[in-house]
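Colleague: I'd like to go over a predicted model; first the sequence, then the structure.
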Amino acid sequence: MSMEAALQTYFSEANELIDEMENDLLALEQDASDELLNSIFRAAHTIKGSAGIFGLDDIVEFTHVVENVLDKLRDHELNVSSALVSLLFRCRDHIQSLLQAEQEEAHQADHELGKSLLKELNAYLGATTEAPPSASIEEEVQASTSLASNAMQRYVQHLTEEDEARANVERMADQDVKNDLWHISLRFGINSFRDGMDPLSFISYLSKLGKIKQIRTLADHFPTLDNYDAESCYLGFEIRLDSQAAKQEIEDVFEFVQEDSDITIIPPHSTLSQYIELINSMPDVDLKIGEILLECGALTKRELAAALQQQAQHANTSSDNQQAVPIGDIITESSTQLSPVLEAAVRKQSQVRESIAREQKSLRVDADKLDLLINYVGELVTAGAGAALHAQALNDPGMLESIAAVNSLLEEVRDAALNLRMVAIGATFTRFQRVVRDVSKDLGKNVELSIMGAETELDKSVVEKIADPLMHLVRNAMDHGLETPEKRLAAGKSEHGELLLNAYHDSGNIVIEVCDDGAGIDVDKLRAKAVSKGLIAEEAVLEKHELLQLIFEPGLSTAQAVSNLSGRGVGMDVVRRNITELRGRIEVDSDLGKGTTVRIILPLTLAIIDGFLIGVADQSFVIPLDTVSECVELDINENHPEYIDLRGQVLPLVDLRTTFDLSGNLPKRQSVVVVQSGHQSAGIIVDRLMGELQTVIKPLGQIFGQSETLAGSTILGSGAVALILDVQGLIEHASKPVNKLATH
């Protein structure tokens with residue numbers, strides 16, 4: 001993989017982690033569990049670590065400070081509060097902005113905002129205080145051993161002034177030493193002096209990686225004075241180190257004396273937890289147990305090499321039937337403290353191998369490639385329809401049978417291709433949790449968001465285009481619909497307002513509902529406002545659902561006060577226009593004092609549908625098949641009726657000849673196609689019923705852009721163009737009494 005491709009993969013995965021971080025932060029206010037804190041920390045750590053690989057320094061530096069605050073939360077040095085969570089939300093947004101700035105040249109991150117956020121983060125971190133100067137290593141060595149010989153004293157006295165400066169390591173009294181420190185057990189090789197090594201210089205250099213909090217000289221290997229060799233090194237130390245360095249960095253300090261010395265480095269408890277978190281946050285790459293421990297820092301290269309060598313020696317001395325000793329057993333035998341880390345590595349290895357097995361069955365595909373596939377399938381559908389027409393003209397039974405089989409398979413290919421673009425709407429719904437949290441705090445309202453039908457699937461292109469209208473409806477419901485806690489309590493309601501996002505399938509469509517239990521819409525006030533704006537005539541008689549539709553008229557609002565969210569009557573007309581462009585419709589139900597439900601009805605896909613082909617005069621039209629209920633014969637004694645009696649029910653009729661001003665002789669026999677949209681029905685008068693067909697939807701030209709009765713066009717197998725009817729628009733056209741609405 002090239003670096004550019006790897007960078008794009010990083011951006012994709014980082015944005016997924018940003019979304020996960022937002023969801024975890026939302027849950028954190030309700031349940032400040034260690035699991036959530038660890039998950040947030042892992043997300044930040046992974047974003048920072050991978051950013052460092054690509055040299056994205058701004059992301060690394062900012063996220064590092066966020067990590068420090070999260071670390072204090074995990075260690076319970078800070079308490080989770082609403083203010084801190086709000087700050088972390090803003091930090092999450094700034095990280096996303098930094099990612100976007102690196103990804104898009106046109107986007108510029110707000111660095112002043114970043115500085116402001118860092119200042120707030122550092123306030124939570126607090127100022128670090130330096131420990132008071134204390135004894136040097138030489139003094140500690142003298143005070144720690146009762147067996148120091150004259151030779152040892154001479155060695156200490158011969159340290160140069162530079163050595164003394166380097167060896168001036170601070171320490172704390174025993175009672176002040178934290179338990180959560182690195183423990184280094186160090187025994188220098190007997191020939192260290194002869195090899196020109198200065199043991200104390202290594203310890204002095206160790207202080208550059210952190211603060212030595214405690215050091216104890218080991219004197220148990222000192223011989224008696226009679227057996228003392230001034231050129232031999234008997235020194236040993238037990239050191240407690242406070243450092244953020246990795247285990248490998250600490251071991252590298254003693255690189256030149258590793259071969260002859262006995263060095264054991266035991267990590268602090270928090271570092272063990274960090275090892276486990278690093279293992280859990282590792283990318284899904286199939287590694288061996290030893291490699292995982294090396295990657296997370298629990299093992300150094302030397303320790304791994306020693307363990308592998310020990311495993312190989314055991315294999316050479318064992319019989320052929322005896323299984324090799326697992327590397328994990330060898331590692332934990334030398335350091336039992338690593339057992340939890342080893343268990344995490346084993347779990348990670350199992351998860352990765354299971355994930356790889358699953359990924360072999362899945363593939364990430366660019367959305368543009370899917371769109372291209374859908375276009376090709378659409379062309380195949382059109383070509384298949386043309387082949388079927390030629391087969392019918394030839395009247396060859398064998399060819400007709402073959403064409404039918406091909407079209408049947410083509411229909412399955414079409415459905416399979418469309419399913420590739422189907423995604424669950426839950427991800428879109430989840431984004432509004434953050435919106436509800438922020439807006440409710442700004443408005444001083446208590447709002448609880450509920451989500452239903454998150455698993456409901458629809459076309460990806462529809463999901464992308466529905467996000468903005470939904471955003472406006474949610475914000476409008478919170479500001480314009482839900483009351484303040486005081487007003488809710490006065491009305492006998494709970495002080496917590498309820499907002500529901502719901503999605504479900506209905507008659508081949510997807511229905512999305514935004515429901516609230518707020519004040520509802522006062523239709524009388526709405527009517528008065530519409531009259532004053534000249535939207536309807538004062539004498540007009542409108543039903544409740546028609547009055548509620550007036551909220552989508554430009555400039556109409558019943559809000560008593562204008563806020564930065566709503567009240568100017570701007571936006572709801574845009575919502576309806578966006579929904580209409582998706583071949584959908586929007587309905588409103590509201591009960592005064594009880595709440596409002598805004599219902600969006602959308603097609604499952606914008607690409608290919610099953611249609612019912614009809615003919616009127618010399619024109620062909622397509623009706624979406626899922627809206628067709630039945631076909632009945634029109635009584636020829638009726639002369640262009642406006643409605644018929646269908647089994648005791650009044651059914652309004654739409655005459656396409658009149659609607660589209662089509663000329664031509666009337667046939668001897670006409671039919672009525674009964675269509676239904678939502679709870680409304682109508683009949684469409686047609687000349688010919690031409691059967692079902694797969695319909696590839698093509699957009700209409702600008703000349704038809706304002707049409708309320710057309711939803712698109714398609715190309716028939718013959719090459720002719722047929723218009724796709726907007727059933728909801730036709731029903732409204734048929735149901736609208738003359739002169740009910742004022743013309744304007």
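Modeller: Arrived safely.
Colleague: quick one: residue 664 is in a helix?
Modeller: No. Counting by DSSP: H, G, I helix; E, B strand; the rest coil, residue 664 is not part of a helix but coil.
Colleague: these two touch, right, it and residue 688?
Modeller: No. Using Cβ atoms under 8 Å, residue 664 makes no contact with residue 688, being 11.6 Å away. Every C-beta, even on glycine, is put in place using the N, C-alpha and C of the backbone.
Colleague: if you count what's nearby, which of those two comes out ahead?
Modeller: Set side by side, residue 664 and residue 688 show more neighbours around residue 688, with 15 against 11, by other Cβ atoms under 10 Å.
Colleague: Look through the protein and tell me its longest strand.
Modeller: Ranked by residue count, the top strand of the chain under DSSP state E comes out as strand 496-506.
Colleague: Contacts for whichever strand or helix holds residue 416 next, please.
Modeller: Following DSSP states H and E, one finds residue 416 within helix 397-420. With contacts defined as Cβ atoms under 8 Å, 6 or more residues apart in numbering, helix 397-420 is touched by 365, 370, 373-374, 377, 380-381, 384, 387-388, 391-392, 459, 605, 607-608, 694.
Colleague: And those residues, which of them are buried?
Modeller: Among the contacts of helix 397-420, those classed as buried by 16 or more other Cβ atoms under 10 Å are 370, 373-374, 377, 380-381, 384, 387-388, 391, 459, 605, 607-608, 694.
Colleague: Show me those that map onto helices.
Modeller: 370, 373-374, 377, 380-381, 384, 387-388, 391 (DSSP state H).
Colleague: Please tabulate those in TSV, including the columns pLDDT and distance to residue 194.
Modeller: Output for those, formatted as TSV (pLDDT from 0 to 100; distance: Cβ to Cβ, whole Å):
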residue	pLDDT	distance to residue 194
370	82	72
373	86	74
374	81	78
377	85	81
380	86	84
381	82	87
384	84	89
387	86	93
388	83	96
391	85	98
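Colleague: Low-confidence stretches in the stretch 201-350 of the chain?
Modeller: For the stretch 201-350 of the chain, the stretches with pLDDT under 70 are 269-343, 345-346, 348-349.
Colleague: circling back to that earlier point, quick one: name whatever helix or strand follows the longest strand of the chain.
Modeller: Counting by DSSP H and E, what follows strand 496-506 is strand 509-516.
Colleague: Give me the distance from that following strand to the chain's centre.
Modeller: 22 Å (Cα atoms, centre = their mean, to the nearest Å).
Colleague: Was I right to think residue 527 contacts residue 536?
Modeller: Yes. With contact defined as Cβ under 8 Å, residue 527 counts as touching residue 536 (7.4 Å).
Colleague: quick one, which of these two is more surrounded?
Modeller: residue 536 (20 against 17).
Colleague: Quick check: the more buried one is in a strand.
Modeller: No. Per three-state DSSP, residue 536 lies outside any strand segment and is coil.
Colleague: re the thing from before, with distance to residue 519 as added columns, please give the ones in helices among the buried ones among the contacts of helix 397-420 in TSV.
Modeller: Below are these laid out as TSV (distance: Cβ to Cβ, whole Å):
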residue	distance to residue 519
370	44
373	48
374	44
377	48
380	53
381	49
384	55
387	60
388	57
391	63
